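Visitor: Fold the following and give me the result.
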Amino acid sequence: ALVEAMACGLPVIVSEIPAFMEIIEHGKHGLYFKAANYIELAQRIEELTKDKSLRNYYGELAYKRGVSFSIESSIKKLQILYKKLCES
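Guide: The predicted structure follows:
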C-alpha cells in the first residue's frame, strides 16, 4: 500500500520500521515518525496539512520513488541482471 500511495503522488509519513525505511529515506521520499509516538505523527501530519508546497514537494519525490517499484521497472532491472549473468 505504501508504494501504491507513493506511485499516486501522495506524500507519505511512515513509522521508523525497517520495512518502510528500505522504501523511503526520511526527508528524501517522505517523512518518518518514531513507532508508537502519536505526538510526532500528529506533528508530521500538521506540517503537511499546513504547507501545500511541502505536500507537493514530498508528493513529487514520493511519485518518483514509487514508480521505481513498478512492474515495468522491475522487468527492466531483471533483464539487465540476466544479460550480465549470461555474459559472464
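Visitor: wait, what's in contact with the most centrally placed residue in the chain?
Guide: The residue lying closest to the centre of the chain (CA atoms, centre = their mean) is residue 24, at 4.1 Å. By CB atoms under 8 Å, 6 or more residues apart in numbering, the residues touching residue 24 are 2, 6, 12, 14, 30, 32, 62, 65. Every residue, glycine included, has its C-beta placed from N, CA and C.
Visitor: So which of those belong to strands?
Guide: 14, 32 (DSSP state E).
Visitor: what's in contact with the helix or strand of the chain with the lowest mean pLDDT?
Guide: Least confident element among the helices and strands of the chain, by mean pLDDT, DSSP states H and E: helix 71-87 (a mean of 90). With CB under 8 Å, 6+ apart as the test, helix 71-87 has contacts from residue 67.
Visitor: Report the buried residues of that helix.
Guide: Across helix 71-87, burial judged by 16 or more other CB atoms under 10 Å covers no residue at all.
Visitor: And stretch 37-52, by the same measure?
Guide: Using 16+ other CB under 10 Å as the burial criterion, the residues of stretch 37-52 that qualify are 40, 41, 44, 48.
Visitor: would you turn these into TSV with secondary structure, pLDDT and distance to residue 71?
Guide: Below are the buried residues of stretch 37-52 laid out as TSV (DSSP: H, G, I helix; E, B strand; the rest coil; pLDDT from 0 to 100; distance: CB to CB, whole Å):
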residue	secondary structure	pLDDT	distance to residue 71
40	helix	97	34
41	helix	97	31
44	helix	96	30
48	helix	96	29
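Visitor: quick one: residue 9 from residue 87, how far?
Guide: 37 Å (CB to CB, to the nearest Å).
Visitor: got the CA coordinates for stretch 78-88 in PDB?
Guide: What follows is stretch 78-88, C-alpha atoms only, in PDB (Å, rounded to 0.1, in the frame of the first residue of the first chain):
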ATOM      1  CA  LEU A  78      15.800  -8.300 -14.200                       C
ATOM      2  CA  GLN A  79      16.600  -8.100 -17.900                       C
ATOM      3  CA  ILE A  80      19.800  -6.200 -17.200                       C
ATOM      4  CA  LEU A  81      20.700  -8.700 -14.500                       C
ATOM      5  CA  TYR A  82      20.000 -11.700 -16.700                       C
ATOM      6  CA  LYS A  83      22.000 -10.200 -19.500                       C
ATOM      7  CA  LYS A  84      25.000  -9.600 -17.200                       C
ATOM      8  CA  LEU A  85      24.700 -13.200 -15.900                       C
ATOM      9  CA  CYS A  86      24.600 -14.600 -19.500                       C
ATOM     10  CA  GLU A  87      27.700 -12.600 -20.500                       C
ATOM     11  CA  SER A  88      29.800 -13.900 -17.600                       C
END
